[in-house]
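**Student:** Would you be able to build a 3D model of this:
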Amino acid sequence: MGSIFDDKKAKRLHTEVQKLMSKEKANLKNQHEQKRLKENPQVNLNNKYSNMVYSGPAYVGSNQQKQELIYDTGSDWIVVESAACRSCFGDNFNSTTSTSWEAHEETRETELMYGSAYIEGITGTDDVCLDSEQVYCVNKQEMFLIDWQMGIPPDVDGILGLSMGGAFNLTHFGADHDESEEFVEDFEYAPLFVDGLHNAEKITQKTFSFYLADESEDSYVDFGPPRTTGMSNQDDLVYLSLDEHFFWLGQWQGVRFGSEDANAYSFDAKPVIYDTGSSIILVGADEADGFFAHLIEGQEHVAEIWDGIIITTCDSTVWPEIFFLTGDNYWVSVLPEDYVVKSPETPDEDNICYLNIIPSWDNFWLAGNNLLRGYYSVHDMENTRLGLVPHTTSGKAPLEAANSVPVQQLKAPFDTRGMIRNVVVFLASWAAWAYWIENKVEEVTYLGTVQSNKHVLSSNKSKPSVKKEDPEHLEKVLKELQAKLAVNNSMD
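**Tutor:** A predicted model of the protein is given here:
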């Protein structure tokens, strides 16, 4: 009997020891995690303009001047507005009060062009920190000091570049080798801030991860190894392979409108830029007609008003979740509430929204923060890959593996109505042109071209004079066009 009791006691003691060992192991793991998190910073981001911009603090100069910067994977420079800037807003960086600021010896006025901003200024170096305690700093970080800008939002002070940092090779975008080489020769790279953090041993890995959420929730970026606390399920983390490039550049080869395979289409693989500094999705030029034809098919209350910008009502429930097929054969998605948006300038009572998915001016795609929102996105510079997993408050499902590429090709269906509309527009344009010739209106030499918010302006030195239009004639032309369009709509 004694031996039986001894066996039971031994088993009980063994079980208790196992529990204690498991608890101790968990404690050690937690301590290790806390140490790791302490070694690698997390920066809270501010969601501005209804999910359009994600910005966060950076502390610049010897006197730690706080600047609000867009954390942007689509650029490399740290760009800061100068206190002497002629067109900037807010409490900008005053380089004259920073003892660590050094302008480059060959100081020259230079310029940078972004997707929606143009800036001028000078380059130099100064200390840049992620925290006011000056723990996570890069000393003598190369940066761009703005003295004139157009396109940076009023309550943002600049940009913190987080690009991949490889060579800017235009052959990925269809350019030939000579064109690419000529462009690269003129391209001025900036030393990457993430490289500086890693070289200064402020982070343990050249990786950073974005947690982009709706404006009612917290958003942030983790520097160093990804934190599983930001993931809904770490087992769902999928890494997508990327190209060696300046951008976080992957490949897309298909699209699906909703969950049904019948609405899935393939196209020749095209480059896609994953860009936290943009709020839109750009559709490759070759795929744009087919993409938008299928997207708006059957939708009511839709109007195209300017170069592919589609206006609609604000009921996002009538629009599908859109899936994009990566080169690794995984479907990534954008939710309708993230691409049916209201402009910040639109009154709340107006039921007018637009789709922040627009045609690209060239044969590449761009995935902005409207697609990355809802994912915990791991930007792994060391392994040239992008990891995606739904974050803890996301309404997205994990990335879905595709068994094969869709059989259907993405093409625009033959559109009789669109053809008639084009004829009407052509006739109206011809009539307007004839009217101008007949009335000998002076030639207008001011030309404006808009490409995805990029403005290219060309004008003569002298300001052109424009003859005033006859209001009665314009009203007559307008009525004629409305009548023709009414006939066109009746054919639908």
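
**Student:** rest of the way, CA atoms for contacts and neighbours
**Tutor:** OK.

**Student:** What is the subsequent helix or strand relative to the longest strand along the chain?
**Tutor:** Longest strand in the chain, counting residues (DSSP state E): strand 137-150. Going down the chain from strand 137-150, the next helix or strand is strand 158-161, by DSSP states H and E.

**Student:** For the stretch 51-200 of the chain, which residues score under the pLDDT cut-off?
**Tutor:** 106-111, 113-115, 171-188 (pLDDT under 70).

**Student:** need the strands for it, in chain order.
**Tutor:** 53-60, 65-72, 78-81, 102-103, 110-113, 118-129, 137-150, 158-161 (DSSP state E, counting those that start in this stretch).

**Student:** TSV for the ones you listed, including distance to residue 192 and mean neighbour count?
**Tutor:** Shown next, in TSV, are these (distance: least, CA to CA, whole Å; neighbours: other CA atoms under 10 Å):
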stretch	distance to residue 192	mean neighbour count
strand 53-60	15	25
strand 65-72	12	24
strand 78-81	8	26
strand 102-103	18	16
strand 110-113	16	14
strand 118-129	12	20
strand 137-150	8	22
strand 158-161	7	26
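
**Student:** Residue 388 is nearest to which of the ones you listed?
**Tutor:** strand 65-72 (17.3 Å; CA to CA).

**Student:** Can you list the neighbours in contact with the closest one?
**Tutor:** 53-60, 80, 92-93, 155-163, 275-278 (CA atoms under 8 Å, 6 or more residues apart in numbering).

**Student:** quick revisit: what about dumping the CA coordinates of the longest strand of the chain to CSV?
**Tutor:** Output of strand 137-150 as CSV, limited to C-alpha atoms (Å, rounded to 0.1, in the frame of the first residue of the first chain):
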residue,chain,number,x,y,z
CYS,A,137,18.7,58.7,-31.9
VAL,A,138,20.9,58.9,-35.1
ASN,A,139,23.6,61.5,-34.8
LYS,A,140,24.5,63.5,-37.9
GLN,A,141,21.6,62.1,-39.9
GLU,A,142,21.5,63.5,-43.4
MET,A,143,18.3,65.4,-44.0
PHE,A,144,16.7,67.9,-46.3
LEU,A,145,15.7,71.3,-44.9
ILE,A,146,12.7,72.9,-46.7
ASP,A,147,12.6,76.6,-47.5
TRP,A,148,9.7,76.4,-49.9
GLN,A,149,7.1,73.7,-50.4
MET,A,150,3.8,72.9,-52.2
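
**Student:** That one - contacts with which helices or strands?
**Tutor:** strand 78-81, strand 118-129, helix 193-199 (3 or more CA pairs under 8 Å, 6 or more residues apart in numbering; DSSP states H and E).

**Student:** residues touching residue 384, list them.
**Tutor:** Going by CA under 8 Å, 6+ apart, the list of residues near residue 384 reads 241, 242, 243, 244.

**Student:** related to what we said a few turns ago, direction included, what does the longest strand of the chain pair up with?
**Tutor:** The strands that strand 137-150 pairs with in its sheet are strand 78-81 (parallel), strand 118-129 (antiparallel) (by DSSP bridges).

**Student:** and those as JSON lines, adding distance to residue 351?
**Tutor:** Below are these laid out as JSON lines (distance: least, CA to CA, whole Å):
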{"stretch": "strand 78-81", "distance to residue 351": "36"}
{"stretch": "strand 118-129", "distance to residue 351": "32"}
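
**Student:** Give the phi and psi angles for residue 342, as a check.
**Tutor:** The phi/psi pair for residue 342 (degrees, to the nearest 10) reads phi -100, psi 140.

**Student:** tell me the mean pLDDT for the helix or strand encompassing residue 44?
**Tutor:** Using DSSP H and E, residue 44 maps to strand 42-48. Mean pLDDT, computed over strand 42-48, is 96.

**Student:** Pull out the buried residues from stretch 197-205.
**Tutor:** 197, 198, 202, 203, 204, 205 (16 or more other CA atoms under 10 Å).

**Student:** Closest one to residue 21 out of these, please.
**Tutor:** Nearest to residue 21 among these, with distances taken as CA to CA, is residue 204, at 28.7 Å.

**Student:** Could you check how far the closest one is from residue 163?
**Tutor:** 19 Å (CA to CA, to the nearest Å).

**Student:** got it, and residue 150?
**Tutor:** 22 Å.

**Student:** Could you do residue 400 as well?
**Tutor:** 27 Å.

**Student:** Of those two, which one has the most company?
**Tutor:** Neighbours per residue, other CA atoms under 10 Å: of residue 400 and residue 163, the larger number sits with residue 163, 26 against 15.
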